[in-house]
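Asks: sequence first, predicted coordinates after that:
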4 protein chains.
Amino acid sequence: MSSELGTHVRVSIFGQSHAPAIGVCVDGLPAGERVDLEELAAFLSRRAPGRDDISTPRREEDRPRILCGLVDGVTCGAPLAAVIENTNTRSGDYDGLKDVPRPGHADYTAQVRYGGWQDTAGGGHFSGRLTAPLCIAGGIALQILRRRGILVGAHIWSIAGVEDRPFSPLGEPKKILENLAAAPLPVLDSQAGEKMRRRILEARSEGDSVGGVVECMVTGLPGGLGGPLFGGMESRLAAALFGIPAVKGVDFGAGFRAAEMRGSEHNDPFGIENGRVVTTTNQAGGILGGITTGMPLIFRAAFKPTPSIAKEQGSVSLSRREEERLVVRGRHDPCVVPRAVPVVEAAAALVVLDALMDSPARLPDGADWYKN
Amino acid sequence: MSSELGTHVRVSIFGQSHAPAIGVCVDGLPAGERVDLEELAAFLSRRAPGRDDISTPRREEDRPRILCGLVDGVTCGAPLAAVIENTNTRSGDYDGLKDVPRPGHADYTAQVRYGGWQDTAGGGHFSGRLTAPLCIAGGIALQILRRRGILVGAHIWSIAGVEDRPFSPLGEPKKILENLAAAPLPVLDSQAGEKMRRRILEARSEGDSVGGVVECMVTGLPGGLGGPLFGGMESRLAAALFGIPAVKGVDFGAGFRAAEMRGSEHNDPFGIENGRVVTTTNQAGGILGGITTGMPLIFRAAFKPTPSIAKEQGSVSLSRREEERLVVRGRHDPCVVPRAVPVVEAAAALVVLDALMDSPARLPDGADWYKN
Amino acid sequence: MSSELGTHVRVSIFGQSHAPAIGVCVDGLPAGERVDLEELAAFLSRRAPGRDDISTPRREEDRPRILCGLVDGVTCGAPLAAVIENTNTRSGDYDGLKDVPRPGHADYTAQVRYGGWQDTAGGGHFSGRLTAPLCIAGGIALQILRRRGILVGAHIWSIAGVEDRPFSPLGEPKKILENLAAAPLPVLDSQAGEKMRRRILEARSEGDSVGGVVECMVTGLPGGLGGPLFGGMESRLAAALFGIPAVKGVDFGAGFRAAEMRGSEHNDPFGIENGRVVTTTNQAGGILGGITTGMPLIFRAAFKPTPSIAKEQGSVSLSRREEERLVVRGRHDPCVVPRAVPVVEAAAALVVLDALMDSPARLPDGADWYKN
Amino acid sequence: MSSELGTHVRVSIFGQSHAPAIGVCVDGLPAGERVDLEELAAFLSRRAPGRDDISTPRREEDRPRILCGLVDGVTCGAPLAAVIENTNTRSGDYDGLKDVPRPGHADYTAQVRYGGWQDTAGGGHFSGRLTAPLCIAGGIALQILRRRGILVGAHIWSIAGVEDRPFSPLGEPKKILENLAAAPLPVLDSQAGEKMRRRILEARSEGDSVGGVVECMVTGLPGGLGGPLFGGMESRLAAALFGIPAVKGVDFGAGFRAAEMRGSEHNDPFGIENGRVVTTTNQAGGILGGITTGMPLIFRAAFKPTPSIAKEQGSVSLSRREEERLVVRGRHDPCVVPRAVPVVEAAAALVVLDALMDSPARLPDGADWYKN
């Protein structure tokens, strides 16, 4: 319910920022899938802090340890669990945060929810650090999908209002997606990237932070995935994406811009291309009636500015019911968006893999079963 | 998974546009809650077509019949099921739609998903008509919430780019929400409403359609509802909202606009008001870390323009793998947004009620249990 | 959770004994499956009362009305809902049962669970009548399974201690299963049947009731269905079977008798038969490690004696906290076992169909998907 | 679905017998509950092998490491994860078991289910060793329950046909349950225990194994837990119990013996005791209509004889499709029943805790919420 995702491929995320370890359990992965641990480590490093001058200088070594689920590097059908040890475990007194909650953080709401028993150290279970186990699970899903010709790629649509060029709704070449995966600041237009970098550094020098939008595309996807109503791909993807801390908006295809269009503009005409049914435009972002069309699946996720800022802010003492001024200590990312790009890809990959395995129409006929 | 919503209050929606009936089963409603059937009928009539000149003139009599779950008008703890008979049942040949799918509709994707066995008549299970049973369940949830001082209200944020004034993030008086519920075109600024109406009529006269955005607010909500990661209120609400046909975007609080803000602007300072903890602004839309703050919960849902338009469109014959021209017959709403307003309220009410019943922290102590 | 069963084929049962209707919603049925309504009615009639002199003389006409989910008699992928109207709806005063609960019934526990708001009339949602919608869903599942060579059959293992001969663990011919389905008192040994009948009539004449055991077999099942731990076939089947009112015990294969065996007796040796892997005995009831072996799946369900008896019983007045004597009025089945036989088959069919659709290992490869 | 249990308190078990580690993730535990790690270790040692002469002499040191979910030894609302390192990890060649499956084990069915990718070493994910993480989760649940006056205790009902005296259906004193928890062979009648021990040693000396039955009782339980149909306590408990390897039968109260009773014998009359509603007998095992009565909840689980025996057995070579003789090497428990006793308690505790947190009727009223 809470830290769990998926119906067929079920992901359970555990850990707090300063607990002994964080990790993930994935039940329902198909058996017989090789997991390339080097590739997984490379994917995780895209999320890791300290890649360049615009992210937090704190250096984490987030190499996951796979506890089970593999035999000789291949999934065996049993749940796969992996953990990352926290070198930076709880020490010292974080009770201050229990009394004077940080604005924009979950300190106050967790206090109400858990009656004061929550782990406040470093944000506890609400820390952005919990996206690391999500990336372990998602990184494995990405490998399984790629093996079937399904690619997931994302770039920074905007930071602080500076916009990259958007993805072409009809798809981007594989090479472009690979370049994005290799870049510390994944943008299609390097000049826009330079401007974004400046805005981030400006905000940091002012003790402030900025937000942005990530755009993600899944290509090579078959038609027919998803379902009506709450089982639609938009519902499933949105539930996963809003689980990423700091995400405050999600839209698909033309999304919010669709609200300003005419039907004649937004409807994607069908056409035939090499004998396959396609749509000649893709305002729908590859989803109609909650089900994939076979065109690229495209969506955006909006991230709020990092709530941890150096500026003094207004808060309250919960015990004394009085207003207080608060200065949040420590070094923080002035913008989470660059590091969030692989997290968005991870969430998307998990939902797509889950949907691939959910196909009520494919009830086997008797003959198939007696091969064994 | 597919036509189902919720963990504690579980909603199952069934029916096709031209099947004998459509309906809903709601399991897990609290016992002892009176259901006012007149009030429910009034709520449903807000979704019904033909209320004024801008919606489809087809007149439906959508009075639900409650099959079970009530004793003398009060919930009894057993699942509540209700149906609406379809007077307009399947007759004639809809096989044309199987061969030449309508752009912007689920005709093609349902064909792929269900191998050609789907009900094409009137959109089948993908029809907007399925929002009627959602409104039955949601209308009941609204009554249960109101009894606890929790109000859900929505208005049209924009249609075809014409914007209403937004809700105040710190809340709107009850009277305003009641007025909105009584208006055929629920807006806060009547001049904006007039402009919207004109845009809709223009689009209709041109055989076209327009989209728009609905803004919704939940007031009177306690803090502490929801949870971390995928159990957050944003994830749960988004999963429900994207289940409404035509929704292509959802955001919370400042939402997509948060992406252009500085942290110092977006972080909501805490304050004390009448001894209660509040935030003095509400960019977060009442949710931090997936958990309600106790401030008004605010979100928006973007609707694409109605895909059914009178203009000729490009499609294909699936059997002949050839391009075709298609004209969709029948009378259609040139804009679903006004009728979608109560549907958004219904979805929100169900998610909020579900979250209210989900409180792991409230394990009863021994003493409580022996009252019986 | 409560009135719901299954992961892929999800069954929601609704209704109370004296509500306007009872019914079922089944989401996730494969599309393209013909439903033979005559055959379904015939199956339901096996559960109906009044088939012969040993069941309650009250005559119900339980013809279900399919509300949706079919197009021209074939499943269309949308949820299938069906209802049975209750001709015998709530009238008169059942509040007596709220104050003086019947022993062996859910009157008291429902009172505690629902705070006195429960429907007491005829047992409300706890009535055995709710097995009729289960049989609608299960009857459809049986048809889908039979089309794939999977047969589900059951007989009375014992009533009041009188035992039928058991099923052969290695399977029974199709003809035997068909004969059982046609018999009012489905037994393999007609002399045992005669004795059972006498015991039932004896109990009735004494104002009392008797219990019994049903044995069920599923043949034609492939190996590989189910999974480890709580996803095992035993867990899934037991969860469904204990959902049938009056079931108090379930075991698989040698079951409780296995507890008295040696490992060398209970272990089923593997062998080869016509090139297929088989076990030469079947003490395991066709399940090892929660997964089907491909041998007949065999289990038993124990039913307690009908709690409605004519004899005076001890109870209490809940309001006065005083002991009371109670005589339950009305005509009741002196033994539910004969009518429970098809209910057991229905539950088994639903679990087996659900398991058939759950096959993580069968992730499609890319090539398959582009047929569309 | 597969290695997961519970709705509110959700348990995910991971690991294989020879993987680097086994473990468990528990999401949804109430916050603010102290976990006594010494007590937990003591509980786990009851399941550990090598306690006396009748269990396998292999010595495991199964001290769990809690990775997260606690702050200063108290649950913090975040998922609790714990692992046990496997010192005995995979090495050498287990491919023999892939070709010649052991009778009575999951070797063959896992092969079919996972297409040959399953971990065969030591039974992989199907190993009885996976009950250790279940006991971690269950041991914590037991502490939470005890704090509320709810006790769970179990004893050996029978081994190899030798029967202990049964629990009194009206409850056993706390002292008795504590004595059972302290005994290597938990029986109520020490002479019966001596006989059981002899039967086990006999079986071992003959290279064979024996099965048995465990009886479990939960006292101090409130009425009103559970629900109708598939949400009943019997369904939930049975789903958990059949998830324990080797369980082949489960019954409640009089259970299978109820099938031979008259209604007048089996119905438990209600009475008043110290102002509380009780039943004066307890054939129902504390459950009516799937809901607890408040009387002791009593059930039995039947365990098959250990499938690992020293005797030569018949099997097949899957590759050559030929019959083979097989001798299983290694030292094995000739009877798992004594070590299974705490596992049954653990499963019961988790289900009861889950049910305690599931109370739709307890929707908070508005006033409660504003304490924060």
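Replies: Yep, it's here.
Asks: burial of the residue in the stretch 201-350 of chain A that chain C sits nearest to, as a residue count?
Replies: The shortest separation between the stretch 201-350 of chain A and chain C is 3.2 Å, found at residue A:222 (distances taken as CB to the nearest CB). All C-beta spots, glycine's among them, are computed from the backbone N, C-alpha and C. By other CB atoms under 10 Å in any protein chain shown, 21 other residues sit near residue A:222.
Asks: just confirm it contacts residue A:294, I think it does.
Replies: Yes. Contact between residue A:222 and residue A:294 holds when scored by CB atoms under 8 Å: they sit 6.0 Å apart.
Asks: before we move on, the earlier item: kindly provide the distance from the residue of the stretch 201-350 of chain A closest to chain C to residue A:286.
Replies: Applying CB to CB, to the nearest Å, the value for residue A:222 to residue A:286 is 11 Å.
Asks: identify the contacts common to these two.
Replies: Counting by CB atoms under 8 Å, 6 or more residues apart in numbering or on different chains, the residues touching both residue A:222 and residue A:286 are A:292, A:294.
Asks: and residue A:256, helix, strand or coil?
Replies: Put simply, residue A:256 is helix when judged by DSSP: H, G, I helix; E, B strand; the rest coil.
Asks: does it touch residue B:213 like I think?
Replies: Yes. In this structure, residue A:256 sits in contact with residue B:213. The criterion is CB under 8 Å, and the distance is 7.0 Å.
Asks: mind listing the shared neighbours of the two?
Replies: By CB under 8 Å, 6+ apart, residue A:256 and residue B:213 have these common neighbours: B:249, B:302.
Asks: still on that earlier bit, and the residue of the stretch 201-350 of chain A closest to chain C, what pLDDT?
Replies: Per-residue confidence (pLDDT) for residue A:222: 91.
Asks: surely it is within a strand?
Replies: No. When three-state DSSP is applied, residue A:222 is found to be coil, with no strand at that position.
Asks: for the one residue in the stretch 151-300 of chain A that gets nearest to chain B, give me its contacts.
Replies: Here the stretch 151-300 of chain A gets closest to chain B at one residue, residue A:289, 2.4 Å apart by CB to the nearest CB. Counting by CB under 8 Å, 6+ apart, residue A:289 makes contact with A:228, A:232, B:105, B:106, B:109, B:110, B:126, B:245.
Asks: please redo it, this time with the cut-off set to 6 Å
Replies: Residues counted as contacts of residue A:289 (CB atoms under 6 Å, 6 or more residues apart in numbering or on different chains) are B:106, B:109, B:126.
Asks: and the second one, backbone torsions?
Replies: Geometry field for residue B:109 lists phi and psi as phi -70, psi -30, criterion degrees, to the nearest 10.
Asks: how close does it sit to residue B:318?
Replies: Using CB to CB, which is the criterion applied here, residue B:109 is 12 Å from residue B:318.
Asks: which one's more surrounded, those two?
Replies: Neighbours per residue, other CB under 10 Å: of residue B:109 and residue B:318, the larger number sits with residue B:109, 31 against 21.
Asks: quick one: that one and residue A:288 touch, right?
Replies: Yes. With contact defined as CB atoms under 6 Å, residue B:109 reaches residue A:288; the gap is 4.6 Å.
Asks: quick one, helices of chain A?
Replies: In chain order, chain A shows helices spanning A:37-47, A:95-99, A:107-113, A:131-146, A:174-182, A:190-205, A:233-241, A:263-266, A:337-356, A:366-369, with DSSP state H as the criterion.
Asks: close to chain B, is the third one?
Replies: Translated: helix A:107-113. Yes. Judged by CB under 6 Å from any CB of the partner chain, helix A:107-113 and chain B are in contact via A:109, A:112, A:113.
Asks: could I get the residues you listed as a markdown table with pLDDT?
Replies: A markdown table is the format used below for the residues of helix A:107-113 next to chain B (pLDDT from 0 to 100):
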| residue | pLDDT |
| --- | --- |
| A:109 | 96 |
| A:112 | 92 |
| A:113 | 91 |
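Asks: between those, which sits nearest chain D?
Replies: Nearest to chain D among those is residue A:112, at 4.5 Å by CB to the nearest CB.
Asks: count of neighbours near the nearest residue to the closest one once chain neighbours are set aside?
Replies: Leaving aside its chain neighbours, residue A:112 sits nearest to residue B:224 (3.7 Å; criterion: CB to CB, 6 or more residues apart in numbering or on different chains). Residue B:224 has 25 neighbours, counted by other CB under 10 Å.
Asks: for residue B:224, give its distance to residue A:111.
Replies: Following CB to CB, the distance that separates residue B:224 from residue A:111 is 9 Å.
Asks: over to residue A:242?
Replies: Residue A:242 sits 22 Å away from residue A:111 when distances are taken as CB to CB.
Asks: which one of these two is surrounded by more residues?
Replies: residue A:242 (29 against 23).
Asks: residue contacts, that one?
Replies: B:234, B:235, B:238.
Asks: let's see it at 10 Å
Replies: Under the criterion of CB atoms under 10 Å, 6 or more residues apart in numbering or on different chains, the neighbours of residue A:242 are A:248-250, A:301, A:347, B:229-230, B:232-239, B:250-252, B:287, B:290.
Asks: go on, residue A:170?
Replies: Residue A:170 makes contact with A:219, A:278, A:279, A:280, A:281, A:282, A:295, A:296, A:298, according to CB under 10 Å, 6+ apart.
Asks: any chance of those residues in CSV, with pLDDT too?
Replies: Rendered in CSV, the data for the contacts of residue A:170 read as follows (pLDDT from 0 to 100):
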residue, pLDDT
A:219, 97
A:278, 97
A:279, 98
A:280, 98
A:281, 98
A:282, 98
A:295, 98
A:296, 98
A:298, 98
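Asks: then stretch A:280-292 to PDB, C-alphas only?
Replies: The C-alpha atoms that make up stretch A:280-292 are tabulated as PDB, following Å, rounded to 0.1, in the frame of the first residue of the first chain:
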ATOM      1  CA  THR A 280       0.500  10.200 -37.600                       C
ATOM      2  CA  THR A 281       0.700  12.600 -34.700                       C
ATOM      3  CA  ASN A 282       1.000  11.600 -31.000                       C
ATOM      4  CA  GLN A 283      -0.800  14.200 -28.900                       C
ATOM      5  CA  ALA A 284      -2.100  11.300 -26.800                       C
ATOM      6  CA  GLY A 285       1.400  10.400 -25.700                       C
ATOM      7  CA  GLY A 286       0.900   6.800 -26.900                       C
ATOM      8  CA  ILE A 287      -2.100   6.100 -24.700                       C
ATOM      9  CA  LEU A 288      -5.800   5.900 -25.600                       C
ATOM     10  CA  GLY A 289      -8.400   4.700 -23.200                       C
ATOM     11  CA  GLY A 290      -5.600   3.900 -20.700                       C
ATOM     12  CA  ILE A 291      -4.100   1.400 -23.200                       C
ATOM     13  CA  THR A 292      -0.900   1.800 -25.300                       C
END
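Asks: which parts of it are buried?
Replies: Of the residues in stretch A:280-292, those with enough neighbours to count as buried (16 or more other CB atoms under 10 Å in any protein chain shown) are A:281, A:282, A:283, A:284, A:285, A:286, A:287, A:288, A:289, A:290, A:291, A:292.
Asks: can you get me a residue count around the closest residue to residue A:245 other than its chain neighbours?
Replies: With CB to CB, 6+ apart as the criterion, residue A:245 has its nearest non-adjacent residue at 5.1 Å, and that residue is residue A:128. Per other CB under 10 Å, the neighbour tally for residue A:128 reads 22.
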